[in-house]
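1. Attaching a predicted model along with its sequence, questions to come.
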Amino acid sequence: MAEPRHVCIIAHAHPEHSKGGGETAAWRQAEALRAAGWRVSFVAASPELGAQAARRPTPTVWRHGPDEYLYPFDGMTPDRLAWRDAGRRRALLDFLAGLGASAYHFHHYWRVGADLILALRKARPEARLVMTLHEMLAICLNHGQMVRTQGGELCEEARPLSCLGCFPEETIERLVIRRALLLQALRACDRFVYPSAFLRARYEAWGLPAARGLVLENPLSAAMMAAPRARADTPGIETRFAFFGQATPFKGLDLLLNAFALARAEQPGLHLTLNGASAEAVAALHPGLAPLIEELGPALAFGGRYRARDVLPLMRAAGWVVVPSRWWENSPMVIQEAKRAGTPLIVADVGGMAEKVRPGLDGLHFRFGSVADLARALLEAADPARRAAIAATLADATGPAEFLAAIAECYGGEG
Amino acid sequence: MFCHASETFQMGLDALSPLGEGRWLLCGWVMHPRGAEARLQFHGADGRALPLLYEGRHRRPDVAAGAPGAVGLYGFHIVFAAGEEGRGALSLRAEAGGQELRARLGDPAIGDDLSRLLAARPWARTMALLADARRAGPLLAPLLAGGATPGGALAGWISALPPAGPEAAPLGPAAALALAASPAGDLGLALRPAAGRGPLRAETLRLEALARAPEGGLSALPLAEWRLESVGEALLGWGRVERPPGTALDLVLQAELGAEELWARSRAPARDLVALFDGLAAAALGPEPGPEARAALRRALGRLLARREAAACTALQAGLGAAGPAGGRPLLLLGGVEEELGLRLIEAAVPSLADAAPPLLLFGPAAGLAQLALEERGIEARAGEEAERALEEAGARPVRALSLRELAEAMIEERLDEALHGGAPGLPARDVLLLHRLAGPGPDPAATLARRAGREALPHTPACPDAAPPLAAHLEALWRALPARHSSGRPAHG
């Protein structure tokens, strides 16, 4: 019997320790590949290990489980895009190369390092290097969001002088050199996996070769794909809105709360649950919202943190999942999960959100950044007939089977 | 040793010091009847006359004359050739107005420790010896030799003087002193007196320039175009020297501020033109200058730069060769090497840089670190002053220059090898240096070449805002005056 094909997945975090979309996608991919008979080594950056490494001698690679490894990244530059500590880079490189995988699949370059990617290319010239892009960190200094630092406007294209407007302390030289370094490293990859066509367009406009690109949605797990979808006939469900995610400035919670209050003034029976965002976190991020939260009273609930396995039941209990993000988004996992749950979505009309949610079929769009238009969408959504019609046409999420067929091609053939 | 013939003819012999190769230096003074010049003649053991090779004279206010109106008085530094004769065999005969003085130079009353003498006697006389060393050239060169060479008494005295640098700093009776030199041979000074010590007068100030060889030896250089301008109570000065290749410039300053003397030496690293004048202007102006002082500074700087413009235009016209570069592979010059990001770029470009003809020349604040990184990968590189020296030595060899930004752009556009190794061969190294040193907008030759190609405007961000307009005007005047093949005309924007 032939040895299974061996893929090494390198992620910027382990989903056991952080719940971001990128690491979750990386882990689900590993699960899908393993289930399909592939050997997968999962190697993830670990802030916990890095914190210890800063204090005392720490292994450069830590075995976390069977074919699961963690590495500290405290030897990297502050932007976590390159290694300052050549010894640590060398150790990680030797470990990765020594795994002998036929393909190395990076989920993100952050906490991985452009120089490490180049070094791995050199050390394993015959291996396939694949990169899944999760946001636009290489393109935009503002956390890869392509949103202006002043005013929060969406940015269409990163150009040095525009970037200087956002980051006056930078220089044209630094911006150009940064782009060159990241571009050179990413070009060393054989294939690029973009979870959205939007992201692909951005990266290819920035300089990645079009011929190596593939738009492929992050898969949900087989268990999630086997779960039941929401019933369409729960009475009053169209008035129950839910948000899933963390309270970060880019997630648009302020927008949602203001729009919800506006809509509720017109239709008092609406309810909103914030899952993943605690009252304290929202208050800390948006102190000005405290009176509004007070005023909304029981119409607003804080669901607190939730386990990954609970996301589908939580979504099925909601009439709508709202994604009010203040940036483009790539392919939010929340959208995939809502589709799987059978819960229609209300999303901003830009970027990956607009792409993934077909207006009138998978959900509703509202004008990006507009409180009034989101309020309008919430009121439109609160119509039972409208909700039922959209729920009936709502597409399902991408599952492992569809994903595996495409990804095997990236690794150079069938597994 | 004191020799007395009469009230009007006397002689003091302070020290006799060997200079090597059978030459001796005699330091002393002579008083002679007014109108009757003293004639000094040296003799060997057999009475034969020994040739006097150099005589330098200076004032000796410390020697009191009994009848001041009836005598002339001067100090001297005399070099004579004694061949194989030992000190004990040497004698001096002096005549003036029919009077005669004789001295045996082997007399132990004549000191033989020149270093001690230079340190102990008024420094103005040692400054006079330094001026004599400049005028006498090779004859007094041993006095400026480095520590490993016998002699070097003047070099030792200079090294003990209070240090000054190109940034304004208080020193003794000066509220601010700045002494600066550029690789092109520009020398500058700004001296602002402390309250109640000014205004300064140009005639109370002396400056000597020295070239310091890498092994430490000094040689005194003639100062050309030297001029001092008043800025309120301060003085601002500029001049130039022909700097021998591979040497650094030192300065020695003597100034009188009221009743006090100020002494300083400068061994600061050379500064580019803009930084040099910027620092001097700031030093001359002082903090919180009024409108009058600022206007005076602009006028003074304008006049000094006008002198520089005339000299530099002549040098550029004469020096920029009409002939193209010699054959051979171009030297690669990388400018703007700064910060960690720049180093990472250079490391990322190593596979392409490895094909460049050695040595790779690096300029910018992080050039030294980049040099180390490249050398660890087996690529020969030079940074900063070493890179400038390599350019000096390269003569007619062509130079291809890129800033790190241009290197990054080439990497983005996937034409790195073409940018590094393709295209026209580039200017001869000597032309690059000449252009850069006389009309360069900063410390980085790559920026000078970018200006030459019209790709970049001249950056001017002086610390002293009043220095900016005259400096910008000066540099632009130089670029306009260049032969057409060296100037793209107007500077580019962006």
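-> That came through, no problem. Residues are numbered from 1 along each chain as shown, chains lettered A, B, ... in the order given.
2. The closest residue to chain A within chain B: neighbouring residues, count only.
-> Per CB to the nearest CB, B:Ala408 is where chain B lies closest to chain A, at 3.7 Å. (Each C-beta comes from the backbone N, C-alpha and C, glycine too.) Number of residues near B:Ala408 (other CB atoms under 10 Å in any protein chain shown) recorded here: 29.
3. list the contacts for it?
-> For B:Ala408, the contacting residues are A:Glu173, A:Val176, A:Ile177, A:Arg179, A:Ala180, A:Leu181, B:Leu345, by CB atoms under 8 Å, 6 or more residues apart in numbering or on different chains.
4. tell me which of the residues you listed is nearest to A:Gly297?
-> Nearest to A:Gly297 among the contacts of B:Ala408, counting by CB to CB, is A:Arg179 at 49.5 Å.
5. so how far is chain B from that closest one?
-> Note on A:Arg179: its distance to chain B, by CB to the nearest CB, to the nearest Å, is 6 Å.
6. Can you name the residues that contact that residue?
-> A:Ala138, A:Ile139, A:Ala158, A:Trp206, A:Gly207, B:Ala408, B:Ile412 are the contacts of A:Arg179 under CB under 8 Å, 6+ apart.
7. Among those residues, name the ones in strands.
-> Among those, no residue falls in strands (DSSP state E).
8. Can you tell me which of the residues you listed is closest to B:Val71?
-> Nearest member of those to B:Val71, counting by CB to CB, is B:Ala408, at 75.1 Å.
9. helix, strand or coil for the closest residue to the residue of chain B closest to chain A other than its chain neighbours?
-> Of all residues not flanking B:Ala408 in the chain, A:Ala180 sits nearest, at 3.7 Å (CB to CB, 6 or more residues apart in numbering or on different chains). When classified by DSSP: H, G, I helix; E, B strand; the rest coil, A:Ala180 comes out as helix.
10. and the gap between the closest residue to B:Pro445 other than its chain neighbours and B:Ala356?
-> Once flanking residues are discounted, B:Pro445 sits nearest to B:His436: 4.3 Å by CB to CB, 6+ apart. Applying CB to CB, to the nearest Å, the value for B:His436 to B:Ala356 is 20 Å.
11. likewise A:Arg88?
-> Relative to B:Ala356, A:Arg88 is positioned 30 Å away (CB to CB).
12. Helix or strand next in line after the helix or strand bottoming out on mean pLDDT in chain B, which one?
-> Ranked by mean pLDDT, DSSP states H and E, the helix or strand of chain B with the weakest confidence is helix B:445-452, at a mean of 84. On the C-terminal side of helix B:445-452, the nearest following helix or strand under DSSP states H and E is helix B:468-481.
13. Run through the neighbouring helices and strands of that following helix.
-> Judged by 3 or more CB pairs under 8 Å, 6 or more residues apart in numbering or on different chains; DSSP states H and E, the packing partners of helix B:468-481 are helix B:273-285, helix B:291-319, helix B:429-439.
14. cutoff 7 Å now
-> With contacts taken as 3 or more CB pairs under 7 Å, 6 or more residues apart in numbering or on different chains; DSSP states H and E, helix B:468-481 sits against helix B:291-319, helix B:429-439.
15. mind listing what the residue in chain A positioned nearest to chain B touches?
-> Closest to chain B within chain A is A:Ala180: 3.7 Å, counting by CB to the nearest CB. Applying CB atoms under 7 Å, 6 or more residues apart in numbering or on different chains to A:Ala180 gives the contacts B:Leu345, B:Ala408, B:Met411, B:Ile412.
16. One more pass at 10 Å, please.
-> Taking CB atoms under 10 Å, 6 or more residues apart in numbering or on different chains, we find A:Ala180 in contact with A:114, A:207, B:341, B:344-345, B:348-349, B:404-405, B:407-413, B:416.
17. again, but for B:Ala128
-> B:Ala128 touches B:Cys27, B:Gly56, B:Arg57, B:His58, B:Arg59, B:Arg60, B:Gly75, B:Phe76, B:His77, B:Pro122, B:Arg206, B:Gln254, counting by CB under 10 Å, 6+ apart.
18. cool, A:Ala227 as well?
-> The contact partners of A:Ala227, by CB under 10 Å, 6+ apart, come to A:Leu220, A:Ser221, A:Arg309, A:Val311, A:Leu312, A:Pro313, A:Arg316, A:Arg340, A:Ala341, A:Gly342.
19. And those, which of them are buried?
-> A:Leu220, A:Ser221, A:Val311, A:Leu312, A:Arg316, A:Arg340, A:Ala341, A:Gly342 (16 or more other CB atoms under 10 Å in any protein chain shown).
20. can you put these in a markdown table and add pLDDT?
-> Listed next are the buried ones among the contacts of A:Ala227 as a markdown table, based on pLDDT from 0 to 100:
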| residue | pLDDT |
| --- | --- |
| A:Leu220 | 92 |
| A:Ser221 | 91 |
| A:Val311 | 94 |
| A:Leu312 | 95 |
| A:Arg316 | 95 |
| A:Arg340 | 96 |
| A:Ala341 | 96 |
| A:Gly342 | 96 |
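21. Nearest to A:Val147, out of the residues you listed: which one, please.
-> Ranked by distance to A:Val147 (CB to CB), the buried ones among the contacts of A:Ala227 are led by A:Val311 at 26.1 Å.
22. Could you pull up the residues touching the closest residue to that closest one other than its chain neighbours?
-> Excluding its sequence neighbours, the residue lying closest to A:Val311 (CB to CB, 6+ apart) is A:Glu337, at 5.3 Å. Neighbouring residues of A:Glu337 by CB under 10 Å, 6+ apart: A:Thr24, A:Leu220, A:Met224, A:Phe244, A:Ala308, A:Val311, A:Leu312, A:Leu314, A:Met315, A:Val321, A:Thr343, A:Ala397.
23. What's the local residue count around the first one?
-> By other CB under 10 Å, the residues close to A:Thr24 number 21.
24. which residues touch it?
-> The contact partners of A:Thr24, taken as CB under 10 Å, 6+ apart, are A:Ala11, A:Ala13, A:Pro15, A:Ser18, A:His107, A:Asn218, A:Leu220, A:Ser221, A:Ala308, A:Met333, A:Glu337.
25. and after the helix or strand where it lies, which helix or strand comes next?
-> For A:Thr24, the host element (DSSP H and E) is helix A:21-35. The helix or strand immediately downstream of helix A:21-35 is strand A:39-45, counting by DSSP H and E.
26. Name the residues of stretch A:275-283 that are buried.
-> Judged by neighbour count (16+ other CB under 10 Å), stretch A:275-283 contains these buried residues: A:Asn275, A:Gly276, A:Ala277, A:Ala281, A:Val282.
27. Let me have these in TSV, adding secondary structure as columns.
-> Formatted as TSV, the buried residues of stretch A:275-283 follow (three-state DSSP):
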residue	secondary structure
A:Asn275	strand
A:Gly276	coil
A:Ala277	coil
A:Ala281	helix
A:Val282	helix
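28. Nearest to A:Pro66 among those?
-> Closest approach between the buried residues of stretch A:275-283 and A:Pro66, by CB to CB: A:Gly276, at 29.8 Å.
29. wait, isn't that closest one in contact with A:Gly303?
-> Yes - A:Gly276 is in contact with A:Gly303 according to CB atoms under 10 Å; the separation is 7.2 Å.
30. No further queries at this time; thank you.
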